[in-house]
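In: Just need the structure, nothing else, for what follows:
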Amino acid sequence: MKRIKSVALILAFATIICSFSGCSKKKANKIENIVQNASAVLINGIENDTVEAYMGAFQGKQGDYIEFRFEEKQTFNTVFITEKTATIRQFNIYAEVDGKYKLIHTGKVILNENISFEAVTATALKLEIVNTQIGNDSFTIQDVSAYNIIEEN
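Out: Down below sits the predicted model:
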């Protein structure tokens, strides 16, 4: 009986030690979707305060855009876009730096992948749909997210 209690005590102690052995004093980098920090969202220049707009969801046609404005400068190097319709044939991503928009990425189609580029610090992020599929001018974007992903070596 004493042996069983000893084994149970050792197993309990080992479980506690193993539970905390994965913890580190080093803080993990928090990856934050900066789109959620937007103070205003504009679709084609008109402010839109819906939950969907603040998540980056919008519908439109060739030439339409969504813009996320920030009260404080935000740094990002990755954008992820989810398109429902698969009709977009060219899009541009801009960052507002020192009051002027700067083209940071242009793409042909929106795929389920992170769009990575050199980190930029900006007061606004803009996604413009330049071209759509011939014969189908409408599109639906379900989500736009932007992150500053720092890879550690």
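
In: Could you pull out the strands in the chain for me?
Out: For the chain, the strands defined by DSSP state E cover 40-43, 46-47, 58-61, 65-83, 88-97, 100-107, 115-132, 138-147.

In: Beta-bridge partners for F139, please?
Out: G60 (DSSP bridges).

In: what about it, distance to H105?
Out: The gap separating F139 from H105 is 18 Å, by Cβ to Cβ, to the nearest Å. Yep, even glycine has a C-beta here, placed from its N, CA and C like the rest.

In: returning to what we had before: okay, the strands of the chain in TSV with mean pLDDT and mean neighbour count next?
Out: Compiled in TSV, the strands of the chain are given as follows (pLDDT from 0 to 100; neighbours: other Cβ atoms under 10 Å):
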stretch	mean pLDDT	mean neighbour count
strand 40-43	97	18
strand 46-47	97	9
strand 58-61	96	16
strand 65-83	97	18
strand 88-97	97	19
strand 100-107	97	14
strand 115-132	97	18
strand 138-147	95	19
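
In: Please name whichever of those is nearest to E32.
Out: strand 138-147 (7.0 Å; Cβ to Cβ).

In: Would you pull up how far the closest one lies from the middle of the chain?
Out: Chain-centre distance of strand 138-147: 10 Å, with Cα atoms, centre = their mean, to the nearest Å.

In: Grab the CA positions of it and hand them over as PDB.
Out: In PDB, the C-alpha atoms belonging to strand 138-147 read as follows (Å, rounded to 0.1, in the frame of the first residue of the first chain):
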ATOM      1  CA  SER A 138     -18.800  42.100 -59.300                       C
ATOM      2  CA  PHE A 139     -16.800  40.700 -56.400                       C
ATOM      3  CA  THR A 140     -17.100  39.900 -52.700                       C
ATOM      4  CA  ILE A 141     -14.300  40.200 -50.200                       C
ATOM      5  CA  GLN A 142     -15.000  38.300 -47.000                       C
ATOM      6  CA  ASP A 143     -12.000  39.400 -44.900                       C
ATOM      7  CA  VAL A 144      -8.900  41.600 -44.900                       C
ATOM      8  CA  SER A 145      -6.300  41.200 -42.200                       C
ATOM      9  CA  ALA A 146      -2.900  42.800 -41.800                       C
ATOM     10  CA  TYR A 147      -0.100  41.700 -39.500                       C
END
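
In: between it and strand 88-97, how many degrees?
Out: 40 degrees (axes from the mean of the first three to the mean of the last three Cα atoms, to 10 degrees).
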